[in-house]
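> Got a predicted structure here, sequence first:
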Amino acid sequence: MIASGMKLPKISLGTWLMGGTKEPDPLNNDQNDISVIHTAIENGITTIDTAQNYAAGRCEEIVGEAIKNYPRTAYQILTKQNREYLSYDNVIEGCHESMKRMGIDFIDYFVCHAPNPDFDTQDFFRASNKLFDDGFIKSVGISNFGPKNIEIAVKTSRLPILFNQVHFSIDDDDIITTGTYASCVKHGIKIQAYRSLVSIDDNKNAQPILKKLASKYSISKYQVVLAYLNSYKDIVFTIRSSSKKHWDEIKEAMRLELEKKELDEIKKTHTGKEGNFRQFLLM
């Protein structure tokens with residue numbers, strides 16, 4: 001195995017919904033999205049997380065527009081190969097198309113967006129090995145991979161698998177119950193949690209403890225959730241935020257250490273909550 005020398009930061013900027021959803025939105029406020037990216041970089045959040053299928057490539061184009069006046073050393077790019085195109089040739093072509101859309105000549109973190117049983121999972125890693133050798137990518141990650149596909153990734157990739165980007169919130173503990181978290185810890189793979197703050201109100205049982213701790217620490221319940229999730233070993237986050245105030249609050253939550261009894265109380269409300277992406281983890 002080759003060491004890539006890369007290390008994923010604690011917080012990355014998520015760009016899902018920039019430019020549209022699955023297709024480009026002709027009414028999208030591109031300048032607002034560009035401003036969000038600039039604000040993140042100016043607040044020390046220099047890893048930008050995007051994907052080929054976000055707005056059918058338009059999101060990557062917006063990222064490219066946002067970073068074009070920054071030196072390449074000022075940011076890192078994380079992008080994800082579309083799970084509908086996972087043949088060896090698809091992956092090689094997809095990487096080059098992503099670079100073209102963003103106006104860059106290498107990708108810092110190249111990620112398989114999710115497994116797809118219609119393709120040989122090994123092909124993504126065979127292709128990423130080649131892309132690394134040719135200097136087009138600096139490291140490899142995975143997303144929505146459960147234990148079976150994690151084992152395939154580890155065995156096939158000559159690069160270390162740096163992280164597994166998965167949904168993890170107080171309304172979804174699928175990474176625990178499917179063995180995904182344990183598999184990642186076993187192999188030294190970090191968990192990059194996405195959409196951690198989107199549906200916290202859906203966990204009704206958690207609201208009283210979140211409210212109590214928010215009052216105790218004079219913070220928001222969203223910060224309490226981040227502090228709780230951050231208590232898990234080897235976890236990092238991809239988060240969307242648009243202001244210095246919000247980034248400061250996120251950083252503050254990363255520094256907060258809840259007491260064990262408080263963590264246990266939240267965990268009781270979290271255990272057994274099934275999310276919307278479990279099917280990928282079970283592949």
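In hand now; what should we look at?
> do you know how far the nearest residue to Asp201 once chain neighbours are set aside is from Cys95?
Computed as Cβ to Cβ, 6 or more residues apart in numbering, the closest residue to Asp201 that is not its neighbour in sequence is Gln207, at 7.3 Å. Heads up, the C-betas are built off the backbone N, CA and C, glycines and all. For Gln207, the distance to Cys95 equals 43 Å [Cβ to Cβ, to the nearest Å].
> Which one of the two is surrounded by more residues?
Cys95 (23 against 14; other Cβ atoms under 10 Å).
> Give the helix, strand or coil label for that one.
Classification of Cys95 using DSSP: H, G, I helix; E, B strand; the rest coil returns helix.
> What separation do you get for it and Asp134?
Counting by Cβ to Cβ - Cys95 and Asp134 are separated by 10 Å.
> which ones are touching the residue located most distally from the centre of the chain?
Distance from the centre of the chain peaks at Lys216, with 30.1 Å (Cα atoms, centre = their mean). By Cβ atoms under 8 Å, 6 or more residues apart in numbering, Lys216 lies in contact with nothing.
> how close does it sit to Asp264?
16 Å.
> And the strands in the protein, which stretches?
11-14, 47-49, 76-81, 109-112, 140-143, 161-167, 190-194, 235-239 (DSSP state E).
> Now the first one - C-alpha only, PDB.
The reference is to strand 11-14. What follows is strand 11-14, C-alpha atoms only, in PDB (Å, rounded to 0.1, in the frame of the first residue of the first chain):
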ATOM      1  CA  ILE A  11     -14.800  20.200   8.800                       C
ATOM      2  CA  SER A  12     -15.400  20.400   5.100                       C
ATOM      3  CA  LEU A  13     -17.900  22.600   3.200                       C
ATOM      4  CA  GLY A  14     -20.800  20.600   1.700                       C
END
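> how about low-confidence regions in the stretch 1-150 of the chain?
1-4 (pLDDT under 70).
> For it, which segments count as helices?
30-42, 58-67, 88-102, 121-133, 147-156 (DSSP state H, counting those that start in this stretch).
> Mind checking those helices for the one nearest to Val236?
When the helices of the stretch 1-150 of the chain are compared by Cβ to Cβ, helix 30-42 sits nearest Val236, at 15.1 Å.
> How about the closest one, which residues are buried there?
30, 33-34, 36-37, 39-41 (16 or more other Cβ atoms under 10 Å).
> What's the end-to-end length of stretch 20-39?
Using Cα to Cα, to the nearest Å, the end-to-end distance of stretch 20-39 comes out at 20 Å.
> typed the wrong thing, it's stretch 100-112
Counting by Cα to Cα, you get 18 Å between the two ends of stretch 100-112.
> can you pull the buried residues of it?
101-102, 104, 106-112.
> And stretch 229-241, by the same measure?
The neighbour-count check on stretch 229-241 (16+ other Cβ under 10 Å) flags 229-232, 235-241 as buried.
> Reformat the strands of the chain as CSV; add distance to Met254.
As requested, these are arranged in CSV below (distance: least, Cβ to Cβ, whole Å):
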stretch, distance to Met254
strand 11-14, 7
strand 47-49, 15
strand 76-81, 18
strand 109-112, 20
strand 140-143, 20
strand 161-167, 17
strand 190-194, 12
strand 235-239, 8
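> Of those strands, flag the one that's most buried.
Mean neighbour count (mean count of other Cβ atoms under 10 Å) peaks for strand 109-112 among the strands of the chain, with a mean of 28.
> Could you spell out the sheet neighbours of that one, each with its direction?
strand 76-81 (parallel), strand 140-143 (parallel) (DSSP bridges).
> Now tell me what touches that strand from outside.
Looking at strand 109-112 with Cβ under 8 Å, 6+ apart, the contacting residues turn out to be 6, 8, 47, 51, 76-81, 83, 86, 95, 121, 124-125, 128, 131, 137-143, 145, 153, 162-163, 165.
> Let's see that with 6 Å instead.
Outside strand 109-112, the residues within contact range by Cβ atoms under 6 Å, 6 or more residues apart in numbering are 78, 80-81, 124, 128, 137, 139-143.
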